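J.: I'll drop the sequence and a predicted model, then ask my questions.
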Amino acid sequence: MFDDNGSFLLAMLEFFIFFAWFMGLFWIFGDLFRSKDLGGVAKTLWTLFLVFLPILGMMIYLIARGSGMAERAVASQTELQKRQDAYIRSVATSSGGRGSATDEIASAKALLDSGAITTSEYEQLKANAMGKGPASPVA
């Protein structure tokens with residue numbers, strides 16, 4: 001397949017250029033569909049332009065919209081970080097699936113008032129919620 005080292009090196013260079021072009025195309029399509037300032041028709045036209053004239057399309061896209069690519073990427077990462085922080089806070093405040101002691105006592109009181117549990121069970125739940133450990137076992 002390769003007659004000498006020169007043809008192998010040329011094939012490696014061609015592969016590298018193809019891979020770089022493919023990664024650039026992937027980056028541009030990601031930016032294109034992440035962009036909120038373009039409508040559906042503009043995104044469709046850019047996509048057709050990039051598919052039918054890939055090298056020229058990439059160059060024109062980078063010239064026309066390249067300055068905002070980094071800003072859109074940073075905005076996307078910032079939004080992702082905010083969502084992740086909000087999720088972590090929501091999970092952390094629930095303290096492993098348990099509510100606060102006040103919430104647990106209130107829900108136990110509601111169960112006692114509805115007749116679902118007895119007074120001794122209520123006292124045991126209240127002691128557990130206040131962190132005093134389990135009360136004497138209910139017989």
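T.: Happy to help now that I have it. The model shown is predicted, which means the values in this text are computed figures rather than measured ones.

J.: what about L38, which SS state?
T.: coil (DSSP: H, G, I helix; E, B strand; the rest coil).

J.: what is the burial count for it?
T.: 15 (other CB atoms under 10 Å). For every residue, glycine as well, the C-beta is placed using N, CA and C.

J.: ok, now which ones touch it?
T.: 32, 46 (CB atoms under 8 Å, 6 or more residues apart in numbering).

J.: quick check: pLDDT value at it.
T.: For L38, the pLDDT comes out at 88.

J.: not counting its neighbours along the chain, what's nearest I60?
T.: F49 (7.4 Å; CB to CB, 6 or more residues apart in numbering).

J.: how close does the one you found get to R72?
T.: F49 is 19 Å from R72, where distance means CB to CB, to the nearest Å.

J.: neighbours of S35, just the number please.
T.: Residues near S35, counting by other CB under 10 Å: 17.

J.: ok, back up a step: using the three-state scheme, assign the residue nearest to I60.
T.: On the basis of three-state DSSP, F49 is classed as helix.

J.: distance of it relative to N128?
T.: Using CB to CB, F49 is found at 65 Å from N128.

J.: repeat for G68
T.: 56 Å.
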